[in-house]
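Participant: here's my sequence, what's the structure:
(chains A and B)
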Amino acid sequence: MSVDQSTVTRSAFHPDVESYEQVNRDAMRLLTPPGRGYLALLAMSVMLVGLLVFAELHNIIYGLGMIGDNWAVMITTFVFWVGIGHAGTLISAILYLFRAPWRQAIYRFAEAMTVFAVLTAALFPLLHIGRPWFFYWLLPLPSQRGIWPNFRSPLLWDVFAVTTYLTVSSVFFYIGLIPDIAAARDSTTNPMRKKVYGVLSLGWRGTDREWRHFTRAYLFLAALATPLVLSVHSVVSWDFAVSIVPGWHTTIFAPYFVAGAILSGVAMVVTLMVPVHKIFRLGAYFTPVHYDRLAKLLLLTSCIVGYAYGMEYFMAYYSGELYERDVFWDRVTGDYWWAGWSMITFNAIVPQLLWIRKIRQNLNAFFIISVFVNIGMWYERFVIIVPSLSHSYEPWKFWNLHMTWVDASLLLGSFGWFFMWFLLFLRYLPGLSMAEIKEVLPPPMKHHGAEHAAHDEGRMVVETLPTGYKEWEVR
Amino acid sequence: MSKASTGVLGVFPHLDTATAAIRRLRKEGFDLTVYSPTPRHEVEEALGTKESPVRIFTLVGAFTGTAAGTALATWASIDWPLVVGGKEIISLPAFSVIMFELTILLGALSTVAGLFILGRLPHVGPPEAPMYHPSFTAGNFGVFAHAPRDRYGDVQRIMTESGSEEVLVDQR
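Facilitator: Down below sits the predicted model:
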């Protein structure tokens, strides 16, 4: 394959994409009427949501005693879903600031995943307060009693962090969608959809005035979302680290949680991407380069998380603190040894397989590894919460978790809730960012681009991307 | 804005022909509205676009957020002073989280407000240029020259010479 840097026809990242119009055709294909498999999946998700509603009604009628001890499963699931959201913002905001050109094709999926994951996470603090209709007590609203929430409490920080994250990531998601909804409006033939997209696109036409302010606004939103995403899981980690429970009271928690969040989020991105890729044949957009970068990101965060696991044990040993040592020893040998070892195996050991190039580039293998990481990351939150709480300072206070059917239903239901939103998103909103993929494609040129000449000679011509990114990987 | 409400629309399937037309039409003194499927710096350069003032909205919003966070946490703590955990009534290290989150929240929301105000979104009423083509969100570039009727001929000539494949005239 000869590489000629002087002329421009194809993007190095999407060599199978010929023109701007093809991007729209392929993206709009996602919005065509779905098959039976889609409807079956959607029905299953809605059924799980029904289970969630049923379990929660049971919870409300019979009281919070219907769930297991100390809200353990609810808090675990909350932290799990907040963490899932982080990779989406990492891909959409942080990689945007770094001008990584492999971001464009996958960021819309990742960002949708973020919004829906945070939406799922937000359920649990509301449900675990027992009387969810009093959720506004969490907010600093003036009341007759003149009393305010405690601003020194990490739980209140959490309210601020999670609501800000939900708001900002939804706004970022929607702003990015506007030009693509306009493109959907212009190409759809369904009159109902045309009307709805017309309203949602806010009358976007892609004029120079709109783009001029849009590109700047998008940049600043990315710049604001970047520190936000790092802060959110830090604040979630402080829910634990600020208390003096053995196993929680460590300074490593914030970076450890953020790395874990990105690990679980990248794994979830891959878990969602691979089926979508296979069903909709998106090989031209989700190329081996994309998977390779995601695998490296997964590997990096897995190594950071593995290091944090090791460092926790070292600190427990080196501190000489009896309770700390005991809790950490209990995690791998006590009643919850199976959870402790699942966490270490799935998060720190299994992803090490990605050092091998063959495995990294095998979609099925990568998919299976990502599912393992998802399970492992749920266990990580479980291991942090349950063994620490159940094995605290006083032996007479030791307890064991009895997971009830309500716990299990809420956990399963949260997956139904998440997948329901994700499936609806796939069907109704553009899952590929048409405007942004065009940014990494070479623009159509009449005089400068030797497209026709290249076709005639039957060779591939590769663009030197304007970002200065000169890597070409043989597919 | 005093752009003429009539004019001529040129459809360009190529970026370089569109920018060539933009440069020539600007030299002739026409006001332009350019449609593009994706933001291209070539178009901005041809138009001589200046830096967008959205950044001022971001800055003001973010600092307002910091101030609001500080004020909220401090005032609420003074309003009902309770010593919790032996900490000071105004515990700035703890409040910094609230300050930070509100900085981001108001910064982001005012950035969006800036985009909506400056970019004239959502569009209600007559659009900036009366002519549009659905292919502008797919692959074509569009150049609309705001011009009075008697200058349509000049504009059409420039557009065709630059390489427009279709020139549409506003006949109203």
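
Participant: in chain A, which residue is closest to the centre?
Facilitator: Per CA atoms, centre = their mean, the C-alpha nearest to the average position across chain A is that of A:G85, at 3.4 Å.

Participant: start and end of stretch B:47-62, how far apart?
Facilitator: 31 Å (CA to CA, to the nearest Å).

Participant: equivalent analysis for stretch A:316-329, please.
Facilitator: 9 Å.

Participant: in it, what's buried?
Facilitator: By neighbour count on 16 or more other CB atoms under 10 Å in any protein chain shown, the buried set for stretch A:316-329 is A:A316, A:Y323, A:E324, A:R325, A:D326, A:V327, A:F328. Using the backbone N, CA and C atoms, a C-beta is placed for each residue, glycine as well.

Participant: wait, isn't the residue nearest to the centre of chain A in contact with A:T114?
Facilitator: Yes: using CB atoms under 8 Å, A:G85 is in contact with A:T114, at 4.3 Å.

Participant: quickly list what's touching both of the two.
Facilitator: A:S169, A:G265 (CB atoms under 8 Å, 6 or more residues apart in numbering or on different chains).

Participant: can you list the weak-confidence ranges in chain B?
Facilitator: For chain B, applying pLDDT under 70 flags the ranges B:1-2, B:172.

Participant: residue nearest the centroid of it?
Facilitator: Centre-nearest of chain B using CA atoms, centre = their mean is B:G119, 3.8 Å out.

Participant: so who does that residue touch?
Facilitator: Counting by CB under 8 Å, 6+ apart, B:G119 has contacts A:R209, A:E210, A:R212, A:H213, A:F214, A:A217.

Participant: ok, A:L363 next?
Facilitator: A:V274, A:H277, A:K278, A:Y291.

Participant: mind redoing it with 10 Å?
Facilitator: A:V270, A:M273, A:V274, A:H277, A:K278, A:F286, A:P288, A:Y291 (CB atoms under 10 Å, 6 or more residues apart in numbering or on different chains).

Participant: rewinding a little: need the buried residues of stretch A:316-329 in a markdown table (columns: secondary structure).
Facilitator: Below are the buried residues of stretch A:316-329 laid out as a markdown table (DSSP: H, G, I helix; E, B strand; the rest coil):
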| residue | secondary structure |
| --- | --- |
| A:A316 | helix |
| A:Y323 | helix |
| A:E324 | helix |
| A:R325 | helix |
| A:D326 | helix |
| A:V327 | helix |
| A:F328 | helix |
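
Participant: now distance to A:S92 and pLDDT too, for the residues you listed, in JSON lines please.
Facilitator: Shown next, in JSON lines, are the buried residues of stretch A:316-329 (distance: CB to CB, whole Å; pLDDT from 0 to 100):
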{"residue": "A:A316", "distance to A:S92": "37", "pLDDT": "92"}
{"residue": "A:Y323", "distance to A:S92": "42", "pLDDT": "90"}
{"residue": "A:E324", "distance to A:S92": "38", "pLDDT": "90"}
{"residue": "A:R325", "distance to A:S92": "42", "pLDDT": "91"}
{"residue": "A:D326", "distance to A:S92": "43", "pLDDT": "91"}
{"residue": "A:V327", "distance to A:S92": "37", "pLDDT": "91"}
{"residue": "A:F328", "distance to A:S92": "36", "pLDDT": "92"}
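
Participant: filter the residues you listed by proximity to chain B?
Facilitator: Near chain B, judged by CB under 10 Å from any CB of the partner chain, there are no entries from those.

Participant: which ones among the contacts of B:G119 lie within helices?
Facilitator: Members of the contacts of B:G119 lying in helices (criterion: DSSP state H): A:R209, A:E210, A:R212, A:H213, A:F214, A:A217.

Participant: the residue of chain A found nearest chain B sits in which helix or strand?
Facilitator: Closest to chain B within chain A is A:G203: 2.8 Å, counting by CB to the nearest CB. For A:G203, there is no helix or strand it lies in under DSSP states H and E.

Participant: let me see the contact set for it.
Facilitator: Here A:G203 is in contact with A:I178, A:A182, A:R185, A:E210, B:R120, B:L121, B:P122, B:H123, B:V124, B:G125, B:P127 (CB under 10 Å, 6+ apart).

Participant: repeat that with 8 Å
Facilitator: B:L121, B:P122, B:H123, B:V124, B:P127.

Participant: now A:L426
Facilitator: A:L30, A:V276.

Participant: coming back round to it: give me the three-state assignment for the residue nearest to the centre of chain A.
Facilitator: Applying three-state DSSP: A:G85 is helix.

Participant: next, the buried residues of the strand or helix carrying B:S110.
Facilitator: Applying DSSP H and E as the criterion places B:S110 in helix B:92-118. Within helix B:92-118, the residues that count as buried by 16+ other CB under 10 Å are B:94-95, B:97-116, B:118.

Participant: run through those residues and flag the ones next to chain A.
Facilitator: B:94-95, B:97-98, B:100-102, B:104-105, B:107-109, B:111-112, B:114-115, B:118 (CB under 8 Å from any CB of the partner chain).

Participant: quick one on the thing from earlier: the ones in helices among the contacts of B:G119, buried ones only, as a ChimeraX selection?
Facilitator: Per 16+ other CB under 10 Å, the buried members of the ones in helices among the contacts of B:G119 correspond to this ChimeraX selection:
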select /A:209,210,212,213,214,217
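
Participant: which residues of the stretch 301-450 of chain A lie near chain B?
Facilitator: Residues of the stretch 301-450 of chain A lying near chain B (CB under 8 Å from any CB): A:M434, A:A435, A:E436, A:K438, A:E439, A:P443, A:P444, A:M445, A:K446, A:H447, A:H448.

Participant: so what's the residue count around the closest residue to chain A within chain B?
Facilitator: Nearest residue of chain B to chain A (CB to the nearest CB) works out as B:H123 at 2.8 Å. Neighbour count for B:H123, taken as other CB atoms under 10 Å in any protein chain shown: 16.

Participant: again, but for A:C303
Facilitator: Counted with other CB under 10 Å, A:C303 comes out at 16.

Participant: distance check, it against A:M74.
Facilitator: Look at A:C303 and A:M74: by CB to CB, to the nearest Å, they are 30 Å apart.

Participant: returning to what we had before: phi, psi for the residue nearest to the centre of chain B please.
Facilitator: phi -80, psi 0 (degrees, to the nearest 10).

Participant: tell me which helix or strand B:L32 sits in.
Facilitator: Applying DSSP H and E, one finds B:L32 within strand B:31-35.

Participant: hmm, the next helix or strand after that strand touching chain A?
Facilitator: Downstream of strand B:31-35, the next assigned helix or strand under DSSP H and E is helix B:41-47. Yes: for helix B:41-47, a contact with chain A is found by CB under 8 Å from any CB, at B:H41, B:E42, B:V43, B:E44, B:L47.

Participant: need the contact partners of helix B:41-47.
Facilitator: A:208, A:211-212, A:443, A:466, B:15-16, B:18-19, B:22-23, B:26, B:32, B:34, B:36, B:141.

Participant: in chain B, which spans are helices?
Facilitator: So, for chain B - with DSSP H - the helices run B:15-27, B:41-47, B:54-79, B:92-118, B:152-162.

Participant: could I get the ones you listed as CSV with distance to A:G334?
Facilitator: As requested, those are arranged in CSV below (distance: least, CB to CB, whole Å):
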stretch, distance to A:G334
helix B:15-27, 65
helix B:41-47, 60
helix B:54-79, 40
helix B:92-118, 34
helix B:152-162, 77
